[in-house]
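K.L.:
Dropping the sequence and predicted coords here.
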Amino acid sequence: MPNVNDILRVKGNHVWTVEPDATIYEALRIMADKDIGALVVMKDEKLMGIISERDYARRVMLKGKSSRDTKVEEVMTKKIYCVKPDHSMEETMALMSQQHVRHLPVHEGEKIIGLVSIGDAVSKIISDQAITIQHLKDFIMRG
Ligand SMILES: NC(=O)c1ccc[n+]([C@@H]2O[C@H](COP(=O)([O-])OP(=O)(O)OC[C@H]3O[C@@H](n4cnc5c(N)ncnc54)[C@H](O)[C@@H]3O)[C@@H](O)[C@H]2O)c1
């Protein structure tokens, strides 16, 4: 059964981060530049939270706050759900679905070694299904 490590092997271990005292504007700038929807908030290598486009939409824009005057730590999501590299894709997607989160940092002990998103999980399932279908086609054609 595919696991989180199978995703990281393909997408790599880099994690885009931001510091808690950065402004929301700076965080949005990084998200736009990197074409991603969330940043892991780290201070001195310690995981502090996650800031997502959803946090911005609901806790900044809809509240009438200014992204240039609001700090990441004021609106980030502090309750963080993580997975380990050996978490199965099923467990990972169940966690995303139950907790309504789209991004999960991957940790090994105290260290953050990657991040998986809902899009990564869907892509992995689609590519695995394509491989299975090809194997079945090859099997039928041989028979
Ligand atoms: N073709 C692919 O392989 C693929 C993979 C992932 C997502 N997508 C597509 O991208 C769109 C949005 O994807 P999403 O909702 O999963 O979220 P997203 O836009 O935040 O993530 C896009 C990619 O960036 C990575 N990423 C996001 N934030 C990161 C961070 N802080 N550090 C390191 N990596 C980070 C994700 O793991 C994912 O691979 C969807 O349409 C999805 O289908 C495609």
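P.N.:
Done, it's in. Computed from a predicted model, the values in this text were never measured in an experiment. Numbers count the residues shown, from 1 in each chain.

K.L.:
use CA for all of it now, contacts and neighbours both
P.N.:
Will do.

K.L.:
so where's the longest helix in this protein?
P.N.:
helix 118-142 (DSSP state H).

K.L.:
For the strand or helix carrying L8, give me every contacting residue.
P.N.:
Under the criterion of DSSP states H and E, L8 resides in helix 4-11. With contacts defined as Cα atoms under 8 Å, 6 or more residues apart in numbering, helix 4-11 is touched by 83-89, 92, 114-116, 120-121, 124.

K.L.:
Buried ones among the residues you listed?
P.N.:
Buried members of these, scored by 16 or more other Cα atoms under 10 Å, are 83-85, 87-89, 92, 114-116, 120-121, 124.

K.L.:
if we can go back for a sec, near the ligand, anything from the longest helix of the chain?
P.N.:
Yes: part of helix 118-142 sits near the ligand under the criterion Cα under 6 Å from any ligand atom, namely 118-120, 123.

K.L.:
distance of the one residue sitting closest to the centre of the chain from L39?
P.N.:
Nearest to the geometric centre of the chain sits H103, at 2.6 Å (Cα atoms, centre = their mean). Distance, H103 to L39, using Cα to Cα, to the nearest Å: 9 Å.

K.L.:
Pick the one among the residues of helix 118-142 next to the ligand closest to the ligand.
P.N.:
G119 (3.0 Å; Cα to the nearest ligand atom).

K.L.:
Looking at that closest one now. What's its pLDDT?
P.N.:
What the model reports for G119 is a pLDDT of 95.

K.L.:
I'd like to know how far it sits from H14.
P.N.:
Distance, G119 to H14, using Cα to Cα: 16 Å.

K.L.:
cool, A121 as well?
P.N.:
Separation of A121 from H14 (Cα to Cα) stands at 17 Å.

K.L.:
re earlier: show me what the residue nearest to the centre of the chain is bridged to.
P.N.:
S117 (DSSP bridges).

K.L.:
So what touches the lowest-mean-pLDDT helix or strand in the chain?
P.N.:
Every helix and strand of the chain was ranked by mean pLDDT, DSSP states H and E. The lowest is helix 118-142, at a mean of 85. Here helix 118-142 makes contact (Cα under 8 Å, 6+ apart) with 7, 89, 93, 96, 102-103.
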